[in-house]
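3D model of this:
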Amino acid sequence: MSYFARVVSGVGGRRVISSLGVLYVALAAGWVLSQISGGTPVGDVIVKAILVAGPGLVLLYWGRRLHRTDIDPELYSAVATWCLGGIVVMLGVLLLYHVQPADSLTDPVESVLILTALASVAGLGIGIHDARARTRAREAERHSREVERQNDRLESFAGMLAHELRNPLNIAQIYHPQEQPRNENAAQQVESALGRIEEMIDVLLVTARSPNASVDAEPVALADVATEAWADASTQSAGSPAQTADLDVATDRTIEADPVHVEHLLRNLFRNSFEHGDDEVTVRVGDLPSGFYVADDGPGIPEDAREDVVEAGFTTKTDGIGLGLTFVAQLAEMYDWEYSIDESEIGGARFEFTNVERVSTQDELQRH
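This is a model prediction of the structure:
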């Protein structure tokens, strides 16, 4: 920062601008009185007085109003510096014009007052525009830093949580096969639940580290994964509408993704349909030109709640934690899929995923 700018900053940008406004209004009034007392008709000086007092009033107005704008207060001095810079430049132009031997100003005082007043307003306009642009840049930088800090905290928390969960999970996986006497049906359910916990830990870490997470993508047949996710979600929802719900798979598409992620996404959507649908809810998985959709014939999601349902902690159940659809949204964003929530053709909820990378038949043949 230059010495001139530091002085302006020390005095205060708003104070400098307001003082310039008061100065030009006072100079205009004094100049008019001196002209009239010297015998100059009022009509000859009134327009010129307005050209001086007008910019002064503009400066005074902005000096008082600047704090109500969206400009960063630290940049008020930059606006004032532009005003003073305009005056200095105009004074330099007038000085160069005055020293020419062939030309001279008929009334130097009049010219200085009018032209510097107009130049100060021009500088004010440039300064406000410059300060607003710099304010937006600063806000964007602050927002970027805040997002980065939040992501770092989230990743750190996810890593800590995953570590804490894996320890008891590993113990359970080691000692569970040793239980005697053994109920094989119950043991199978426990083993399946432990496997799902391990998958959820992996998904949690991936979504927390998005978009820097590495994904082991491979061809995923949507129909196969949907069937597996449906069976899994139905088993976990025993005693709920899932027992009589129907799945309609209307897709033969193969996409490029991690099958665990896709199954996790579909399983959460299926659970959402079970929890909010009636005893005979039907869920369909179908194709879109650049992706796929999951729709049901349940009560649907009100339009004013469609942005809220993907927020962490949002739930309509007393025993819910509100993370199912949050994971759905995060997984979609991690893959750069575009997702939207709409109403299905029969009035239920419809989740659409587009910009999904598709695996062509030729690609699949080459892989095998």
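
show me how this structure divides into domains.
3-146, 153-209, 218-367 (automatic domain parsing).

turn those domains into CSV, including mean pLDDT and mean neighbour count.
In this view, the C-beta of every residue, glycine as well, is placed from N, C-alpha and C. Formatted as CSV, those follow (pLDDT from 0 to 100; neighbours: other Cβ atoms under 10 Å):
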stretch, mean pLDDT, mean neighbour count
domain 3-146, 80, 16
domain 153-209, 65, 13
domain 218-367, 79, 17
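
quick one: the strands in this protein?
218-221, 246-250, 254-257, 282-288, 291-296, 338-343, 349-354 (DSSP state E).

and the first one, what does it pack onto?
Right, strand 218-221. Helices and strands touching strand 218-221, by 3 or more Cβ pairs under 8 Å, 6 or more residues apart in numbering; DSSP states H and E, are strand 254-257, helix 259-276, helix 361-367.

that strand: partners in the sheet, and parallel or antiparallel?
strand 254-257 (antiparallel) (DSSP bridges).

ok, back up a step: go through the helices and strands packed on strand 218-221 and name the closest to residue 335.
Nearest to residue 335 among the helices and strands packed on strand 218-221 is strand 254-257 (6.3 Å), distances taken as Cβ to Cβ.

what's the closest one in contact with?
Residues from elsewhere that reach strand 254-257 (Cβ atoms under 8 Å, 6 or more residues apart in numbering): 215, 217-222, 262, 292, 335, 356-359, 364.

if we use 7 Å, what do you get?
Applying Cβ atoms under 7 Å, 6 or more residues apart in numbering, the contact partners of strand 254-257 are 217, 219, 220, 221, 222, 335, 356, 357, 358, 359, 364.

which pair of those residues spans the longest distance?
Maximum distance among the contacts of strand 254-257 (Cβ to Cβ): 19.1 Å, for 335 and 364.

if I look at residue 79, how far off is residue 56?
Going from residue 79 to residue 56 by Cβ to Cβ, to the nearest Å gives 16 Å.

hmm, I typed the wrong one, I wanted residue 133.
On the measure of Cβ to Cβ, residue 133 and residue 56 end up 26 Å apart.

any chance of the strands of the chain in CSV, plus distance to residue 26?
Converted to CSV, those look like this (distance: least, Cβ to Cβ, whole Å):
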stretch, distance to residue 26
strand 218-221, 78
strand 246-250, 80
strand 254-257, 73
strand 282-288, 70
strand 291-296, 69
strand 338-343, 61
strand 349-354, 65
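
these: which one's closest to residue 64?
strand 338-343 (46.9 Å).

which neighbouring elements make contact with the closest one?
strand 349-354 (3 or more Cβ pairs under 7 Å, 6 or more residues apart in numbering; DSSP states H and E).

so what are the sheet partners of the strand it packs on and their directions?
strand 291-296 (antiparallel), strand 338-343 (antiparallel).

tell me which of those lies nearest to residue 329.
strand 338-343 (6.5 Å).

what angle sits between the closest one and helix 259-276?
Here strand 338-343 runs at an angle of 20 degrees relative to helix 259-276 (axes from the mean of the first three to the mean of the last three Cα atoms, to 10 degrees).
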